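Enquirer: model this:
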Amino acid sequence: MGAVRHRGRAAAFGLSCQSVFMTSSTPEDPYRYQVGFGNFFNSEAVPGVIPESQNTPQVCKYGLYPEQLTSTGFIASRNSMQHVWFYRILPGVVQGAAAKLSGNLDLEANFSTNNDNVEFPPHALCWLPFKLPSQSERVDFIEGIKTIAGNGDATMKEGLAIHIYTANVSMTNRAFCSHDGDLLIIPQQGRLDIQTELGMLMVRPGELVVIQAGIRFKVSLPDGPSRGYIQEIFGSHYELPDMGPLGANGMALPRNFEFPIASFDEDISEWEVVVKLAGKLWSYKQQHTPFDVVAWHGNCIPYKYALAKFINTAVVDRDQSDPSVYTVLTAKSKIPGVAITEVMAFTPKWNATTNSFRPPYYHRNMAAEVMGIIYGPYGGSSRDLRAGGLSVQSSYTAHGETYETYKKATTAELKPERVGEGVLAFMFHIPTHIGLTKYALERSGVLHPPSPALFSSMRPHFLEHTDEVNADLKRMGLLPLGTPRS
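Expert: As a prediction, this is how the structure comes out:
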């Protein structure tokens, strides 16, 4: 057959892809990433290292050691299995004996009612921005972690902990690893330059990063002092929420989650590795870097996500969507239909509802709500929440806006409006009771609970309409208000 012609020209071959897609570096982030939530990745800093058709050949290329990290049970279902194979210069067993560290008494991993360091107050609480270390202090990421709240117990692999961190120095020849749970970290001030066993991630304010239990990492501070939030889940993993009638598109797109590529150091100097286990810190020394993985393959890989990429679907004709439409990530509990936590992002959106009360309506949820602001002013009126601070609404605690906000919302002319511009906030929506630590309640120095006086101006408008109510009742053949019960 002759060549296909189009407008007199013979068809010609175009182009084939020469490599897998990776992101490009930017001035704010010099690293490149693979993309795709839930993918099984292969990455080689030196090409040809990953063995073909098997994981542990008799001898690995270049004398590397194979090592597997499993993050689920061996008999877990195929779709929930998480693990990764490392091909590294020295295996993890080349380390000294662990010794318990005496510092940082503000960590918790057990939120039982038997723990005297935990309380379960049934009211709203708020903290002003958590204080950064002073110039006379040297506090790295590990030393700056303080537990605020949580539930369950890390040793039972059920529940979670919520921490804040503040730091002003980078970790040097020091690595950290949580054996308690997967860490979701949200910097609010200052980028985090994170070196992990699987590669590098630059995490900016407005991004979150997830580092699974058992993975070692080091945090450097390229912008100086940093502050942020951590949610640690015990015994489960973060996953994308089901989208139901929303279909395949919207919310957090899988392709916007970024995963590191293999990167390793040749370093035989002394390193300290700090392990968090059952809420306590342990330390051991080794005479080589933990960041010596030349290649890896698997799906238990740290990743990051920019919250501003979240596609806001909370636009309705009337009333309000449930907060689940803001969910970026969720983590399943052992109870069907109940999550350990839902990580939500509040990004700019359009509000075009008609004949509707537009502020958050008054509500009492079975879920606790932990909210923080990354940048911008708080749009509510019920508490003094600021960027770098935190608020907690415990389970079934009544909350909503002040009377002044109510009055304005019920008399305003409703027009389509853009809301939340210049603001980025998040919420950990936790469908169980959460306990507050003594650090949060007594030692943080920034506890600033909302005053009950905020709601003292509320008026019982129903009582101003008794004549109207009685007239309606009479018209319906019913007894008037105030009729004694028989």
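Enquirer: so Ala252 touches Tyr305, yeah?
Expert: Yes - at 6.6 Å, Ala252 counts as touching Tyr305 under the criterion of Cβ atoms under 8 Å. Using the backbone N, CA and C atoms, a C-beta is placed for each residue, glycine as well.
Enquirer: Give me the common contacts of those two.
Expert: Val328 (Cβ atoms under 8 Å, 6 or more residues apart in numbering).
Enquirer: Look up how far His179 lies from the residue nearest to Gly144 when sequence neighbours are not counted.
Expert: Nearest in space to Gly144, with sequence neighbours left out and distances taken as Cβ to Cβ, 6 or more residues apart in numbering, is Ala167 at 4.1 Å. Using Cβ to Cβ, to the nearest Å, Ala167 is found at 21 Å from His179.
Enquirer: Which one's more surrounded, those two?
Expert: Higher neighbour count among Ala167 and His179: Ala167, with 26 against 13, using other Cβ atoms under 10 Å.
Enquirer: got a list of what the more buried one touches?
Expert: Ala167 touches Pro133, Val139, Asp140, Phe141, Glu143, Gly144, Val219, Leu221, Pro225, Ser226, Arg227, counting by Cβ under 8 Å, 6+ apart.
Enquirer: So which of those residues are in strands?
Expert: Members of the contacts of Ala167 lying in strands (criterion: DSSP state E): Val219, Ser226, Arg227.
Enquirer: what number of residues lie near the closest residue to Leu385 other than its chain neighbours?
Expert: Leaving aside its sequence neighbours, Leu385 sits nearest to Tyr378 (Cβ to Cβ, 6+ apart; 4.3 Å). Number of residues near Tyr378 (other Cβ under 10 Å) recorded here: 18.
Enquirer: for Tyr378, helix, strand, or coil?
Expert: Under DSSP: H, G, I helix; E, B strand; the rest coil, Tyr378 falls in the coil class.
Enquirer: who touches it in this structure?
Expert: Asp384, Leu385, Arg386, Val423, Ala425.
Enquirer: nearest to Gly337, of those?
Expert: Nearest to Gly337 out of the contacts of Tyr378 is Ala425 (Cβ to Cβ; 26.3 Å).
Enquirer: any idea how far Arg32 is from Trp296?
Expert: For Trp296, the distance to Arg32 - Cβ to Cβ - is 16 Å.
Enquirer: Compare the two (neighbour count), which wins?
Expert: Higher neighbour count among Trp296 and Arg32: Trp296, with 28 against 14, using other Cβ under 10 Å.
Enquirer: Now do the contacts for that one.
Expert: Asn42, Ser43, Ile50, Val84, Trp85, Phe86, Tyr87, Glu197, Leu198, Ala262.
Enquirer: Any chance of TSV for these, columns distance to Thr172 and neighbour count?
Expert: Below are the contacts of Trp296 laid out as TSV (distance: Cβ to Cβ, whole Å; neighbours: other Cβ atoms under 10 Å):
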residue	distance to Thr172	neighbour count
Asn42	31	13
Ser43	26	22
Ile50	31	20
Val84	26	23
Trp85	29	19
Phe86	23	23
Tyr87	26	26
Glu197	18	30
Leu198	21	30
Ala262	23	23
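Enquirer: export those residues to JSON lines and tack on secondary structure, pLDDT and distance to Ser486?
Expert: Below are the contacts of Trp296 laid out as JSON lines (DSSP: H, G, I helix; E, B strand; the rest coil; pLDDT from 0 to 100; distance: Cβ to Cβ, whole Å):
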{"residue": "Asn42", "secondary structure": "strand", "pLDDT": "97", "distance to Ser486": "78"}
{"residue": "Ser43", "secondary structure": "strand", "pLDDT": "97", "distance to Ser486": "78"}
{"residue": "Ile50", "secondary structure": "coil", "pLDDT": "98", "distance to Ser486": "83"}
{"residue": "Val84", "secondary structure": "strand", "pLDDT": "98", "distance to Ser486": "72"}
{"residue": "Trp85", "secondary structure": "strand", "pLDDT": "98", "distance to Ser486": "77"}
{"residue": "Phe86", "secondary structure": "strand", "pLDDT": "98", "distance to Ser486": "78"}
{"residue": "Tyr87", "secondary structure": "strand", "pLDDT": "98", "distance to Ser486": "83"}
{"residue": "Glu197", "secondary structure": "coil", "pLDDT": "98", "distance to Ser486": "75"}
{"residue": "Leu198", "secondary structure": "coil", "pLDDT": "98", "distance to Ser486": "74"}
{"residue": "Ala262", "secondary structure": "coil", "pLDDT": "98", "distance to Ser486": "80"}
